[in-house]
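1. got a predicted model here, sequence first, then my questions.
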Amino acid sequence: MQLPLFPVDIYLLPNGICKLQIYEQRYMRLVKLATANHYGFGLCMKIDDNLCHFGTRVIITDFDPLPNGFMSITVRGIEMFLINNHSQDNDHLYIGDTSPVPNWHSKDINFIDQGISDNLKQLFQQHPEHAHYYPEPKFDDITWVCQRWLEILPLEVNQKQWFMSRNDYTAALSFLHTVINNNSKSE
């Protein structure tokens, strides 16, 4: 699938929600392309000046023109993708040839790690500005919980890319146990 790409330092996974400010003309064009094609656009990260291999296709769920001529858009992650190759248009907008990467699914749909889930609930209570994006949080879905944690944690880009390359949530859950247990012991 051909997608316009928005390189940004935001790590967003499927079902994740965030706001972006759009002010460059090439990204105004990206918004127009994304709304016209109904597929959205790709959020991807960079290492140095190179696009990373994995990204997330997002759709625009809301937008507001701002008084300074900028635009604020709210996006929701749909699916991860692999960038097979990319090019830049005359205005330097990246266009990527992408292949979808299967979304993580819980092997056991009834499994939830209560400690990891409860810690995320507590974090949402402490940071209502983040929690307001999720009026119906899925604290009983381990995939959703792990993905929200990975979006929040200050990880290196290569670590985030590694998690995106995994087939399911298990590596993320193992990592979260290490991080959250170590953090609990140090308090």
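-> Great, that's in hand.
2. give me the pLDDT for N158.
-> Looking at N158, its pLDDT is 95.
3. give me the residue ranges of this protein where confidence is low.
-> For the chain, the stretches with pLDDT under 70 are 106-111, 181-187.
4. which parts of it are strands?
-> Along the chain, the segments classed as strands by DSSP state E run 2-7, 17-22, 41-47, 50-65, 71-88, 94-101.
5. most tightly packed of the ones you listed?
-> Stretch with highest mean neighbour count among the strands of the chain: strand 41-47 (a mean of 22; mean count of other Cβ atoms under 10 Å). Backbone N, C-alpha and C define where each C-beta goes, glycine included.
6. now it against strand 50-65, angle please.
-> 130 degrees (axes from the mean of the first three to the mean of the last three Cα atoms, to 10 degrees).
7. by contact count, what packs against strand 41-47?
-> strand 2-7, helix 25-37, strand 50-65, strand 71-88, strand 94-101, helix 157-164 (3 or more Cβ pairs under 8 Å, 6 or more residues apart in numbering; DSSP states H and E).
8. ok, back up a step: tabulate the strands of the chain (CSV), appending distance to I180.
-> Shown next, in CSV, are the strands of the chain (distance: least, Cβ to Cβ, whole Å):
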stretch, distance to I180
strand 2-7, 30
strand 17-22, 22
strand 41-47, 24
strand 50-65, 24
strand 71-88, 23
strand 94-101, 26
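9. nearest to L176, out of the ones you listed?
-> Of all those, strand 71-88 sits nearest to L176, with 18.5 Å by Cβ to Cβ.
10. report the distance from that closest one to the chain centre.
-> Offset of strand 71-88 from its chain centre (Cα atoms, centre = their mean, to the nearest Å): 9 Å.
11. go through the strands of the chain and name the closest to D118.
-> Closest among these, using Cβ to Cβ: strand 17-22, at 21.3 Å.
12. contacts for the closest one?
-> 6, 8, 10, 12, 28, 30-31, 61, 66, 70-77, 133-134 (Cβ atoms under 8 Å, 6 or more residues apart in numbering).
13. go on, stretch 60-76?
-> Residues contacting stretch 60-76 (Cβ under 8 Å, 6+ apart): 12, 15-23, 28, 31, 34-35, 40, 43, 58-59, 133.
14. how long is that stretch from one end to the other?
-> 7 Å (Cα to Cα, to the nearest Å).
15. of the strands of the chain, which is nearest E156?
-> Of all the strands of the chain, strand 41-47 sits nearest to E156, with 9.2 Å by Cβ to Cβ.
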